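Visitor: Here you go, sequence then predicted model.
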Amino acid sequence: MECDQCGSRNVTRRDVEGHLLYECNLCGNLQGNDDAVARVEELRAGRERGLDDRVIPLVSALESSGVFRLQSASAGDPRRNEPPYVLLALTKSDTAWLERLLRSLEIANRETRLRWLVELTLQRGITCLLRPRFYKSPSDLTPEDLDAAQKDLLVLGRSFRRDLGLSWWGVSHTP
Ligand SMILES: [Zn+2]
């Protein structure tokens with residue numbers, strides 16, 4: 001096995017973030033399953049931005065649209081009864097993107113434990129707050145509620161990534 005970046009033969013097969021990949025010991029380049037490499041690189045890039053591992057796949061999927069820009073995100077904090085959320089700015093004036101976002105969310109909601117919704121506000125442009133709906137006040141949230149919401153983040157990330165690859169999102173993908 002040769003590193004396709006630097007040509008070194010000093011390449012080790014090992015577990016990287018739960019994926020079995022080839023890592024170059026000289027330049028750090030990862031090789032192997034393309035999707036797995038993309039997930040690891042996405043995780044590392046997200047951490048550099050200070051994001052929690054659990055929100056990274058969802059944030060990356062939404063940002064890959066080229067239409068939504070992250071303003072802030074949190075995986076939630078059980079100690080402060082804070083559910084997770086993702087706050088995005090819509091960077092295009094075309095509201096058709098909101099319809100696509102909502103349609104995708106409806107599909108994702110079939111797989112999530114909780115029901116997620118988008119709250120829109122006008123702050124110079126349109127911002128979208130993606131959050132789970134609870135039928136109780138924040139002070140009554142249990143650790144189980146917050147755990148369900150945190151687990152949903154990964155389900156949402158997977159669902160949005162799948163949808164964004166489909167033609168109705170209108171996003172052109174480079175291989
Ligand atoms: Zn290398």
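Guide: Cool, got the structure.
Visitor: my read: residue 91 touches residue 68, true?
Guide: Yes - because the distance of 7.0 Å satisfies Cβ atoms under 8 Å, residue 91 is recorded as touching residue 68. Any C-beta I mention is one placed from the backbone N, CA and C, and that applies to glycine too.
Visitor: who's more crowded, the two?
Guide: Neighbours of residue 91 and residue 68, each counted by other Cβ atoms under 10 Å, are more numerous for residue 68; the result is 23 against 13.
Visitor: mind checking how far the more buried one is from the ion?
Guide: With distances taken as Cβ to the ion, to the nearest Å, residue 68 is found 34 Å from the ion.
Visitor: pLDDT score assigned to that residue?
Guide: In this prediction, residue 68 carries a pLDDT score of 94.
Visitor: Skipping adjacent residues, who's closest to it in space?
Guide: The spatial neighbour of residue 68 that comes closest, neighbours along the chain excluded (Cβ to Cβ, 6 or more residues apart in numbering), is residue 88 at 4.2 Å.
Visitor: Break this structure into its domains for me.
Guide: Residue ranges for the domains of the chain, per automatic domain parsing: 1-48, 51-169.
Visitor: which of those is buried the deepest?
Guide: Among those, domain 51-169 has the highest mean neighbour count (mean count of other Cβ atoms under 10 Å), at a mean of 16.
Visitor: And it, end to end?
Guide: Distance across domain 51-169, first residue to last, is 25 Å (Cα to Cα, to the nearest Å).
Visitor: So which residues on this structure come close to the ion?
Guide: Listed as neighbours of the ion in the chain under the rule Cβ under 5 Å from the ion: 3, 5, 6, 8, 24, 26, 27, 29.
Visitor: Test my guess that the second one contacts residue 27.
Guide: Yes - shown here, residue 5 and residue 27 form a contact pair, counting by Cβ under 8 Å, at 5.3 Å.
Visitor: got the contact list for the residue nearest to the spatial centre of the chain?
Guide: The residue at the geometric middle of the chain, judged as the C-alpha nearest the mean C-alpha position with Cα atoms, centre = their mean, is residue 58 (1.5 Å). With contacts taken as Cβ atoms under 8 Å, 6 or more residues apart in numbering, residue 58 has the following neighbours: 73, 86, 153, 154, 156, 157, 160.
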